[in-house]
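Student: have a look at this fold, sequence not included:
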């Protein structure tokens, strides 16, 4: 039996998880195996108890979207639905893991690749990063929850503009739109992502996980539901060791 080559790599360094999409010969284009292994890597990091994670791509791109040349086509509608749900599971998993996930984007982040990036909690992009949603222009549809995420991030009208036109846009425009957090030189992308992850890893983890969940949930519910969720999280965090240690540190510091 032939063992298939892994197309996603997962490493852990000092409680920081690194996930690399690894189909550089195809610009890390998405195939079912990549989706399966990406989900498995996120699950592995959750079970390992990492405090932050970074998602990046090997080679010259983050992810160029779906691999339209891939030979294994869905046999029927049920299989196609299953494949799409698996892609959506990546966004679900990123939002549900208790640690922040940072996308370190360089080169192409198109279609499903752009969806993977925007599904992350924070995005740091190299100056050469190129984003876009070409699905409509090639007769396809967005799949990774972007119909919900994008309008929340930049507004409905701008979201429609990006999806309808399919035009690619660079890191500086993505930053201007509020889609990403920071633009850096390609040479220091990994270093900057690692610095960000380590800063987040130093924060009280229960409070950080609750903040992540509250913001993700708050974007999907009404104000009263958000109020109740905040009370639930406040009650959960106030008694943690980390909370008590932070309060003691501030008392000893004697200033705001």
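Tutor: Nice, I can see it. It should be emphasised that the depicted structure is a prediction, and the values quoted were computed from it without experimental measurement.
Student: from here on, contacts and neighbour counts on C-alpha atoms
Tutor: OK.
Student: state the mean pLDDT of stretch 97-116.
Tutor: Per-residue pLDDT over stretch 97-116 has a mean of 97.
Student: now do the contacts for residue 156.
Tutor: When contacts are counted by Cα atoms under 8 Å, 6 or more residues apart in numbering, residue 156 is found next to residue 150.
Student: separation between it and residue 143?
Tutor: 17 Å (Cα to Cα, to the nearest Å).
Student: quick check, residue 56 in contact with residue 104.
Tutor: Yes. Because the distance of 5.1 Å satisfies Cα atoms under 8 Å, residue 56 is recorded as touching residue 104.
Student: shared neighbours of these two, anything?
Tutor: Shared contacts of residue 56 and residue 104, counting by Cα under 8 Å, 6+ apart, come down to residue 62.
Student: those two: which has the busier surroundings?
Tutor: A direct count of neighbours by other Cα atoms under 10 Å for residue 56 and residue 104 places residue 104 higher, at 27 against 24.
Student: low-confidence ranges, this protein, go.
Tutor: For the chain, residues meeting the criterion pLDDT under 70 lie at 1-2, 71-75, 221-227, 229-231, 233-235, 237-239, 242-256.
Student: quick one, helices of it?
Tutor: Secondary structure of the chain, counting by DSSP state H: helices at 32-48, 77-96, 112-118, 146-154, 156-165, 171-177, 189-201, 205-218, 223-237, 241-253.
Student: deepest of the ones you listed, which one?
Tutor: Neighbour counts (mean count of other Cα atoms under 10 Å) averaged over each of those peak at helix 112-118, with a mean of 25.
Student: hmm, who's touching that helix?
Tutor: If you take Cα under 8 Å, 6+ apart as the criterion, helix 112-118 is touched by 29-30, 62-66, 90-91, 103, 105, 109, 123, 131-133, 142-146, 149, 179.
Student: so which of those are in strands?
Tutor: Judged by DSSP state E, the subset of these located in strands is 103, 105, 109, 123, 131, 132.
Student: now do the contacts for the closest residue in space to residue 182 that isn't next to it in sequence.
Tutor: Leaving aside its chain neighbours, residue 182 sits nearest to residue 124 (4.9 Å; criterion: Cα to Cα, 6 or more residues apart in numbering). Neighbouring residues of residue 124 by Cα under 8 Å, 6+ apart: 102, 103, 104, 105, 180, 181, 182, 183, 184, 189, 192, 193.
Student: now residue 33
Tutor: Residues in contact with residue 33, defined by Cα under 8 Å, 6+ apart, are residue 7.
Student: and residue 166, by the same measure?
Tutor: Taking Cα under 8 Å, 6+ apart as the definition of contact, the neighbours of residue 166 are 132, 133, 134, 135, 136, 137.
Student: nearest spatial neighbour of the second one, skipping sequence neighbours?
Tutor: When you say that, I think you mean residue 133. When the adjacent residues along the chain are set aside, residue 133 lies closest to residue 111, with 4.7 Å between them (Cα to Cα, 6+ apart).
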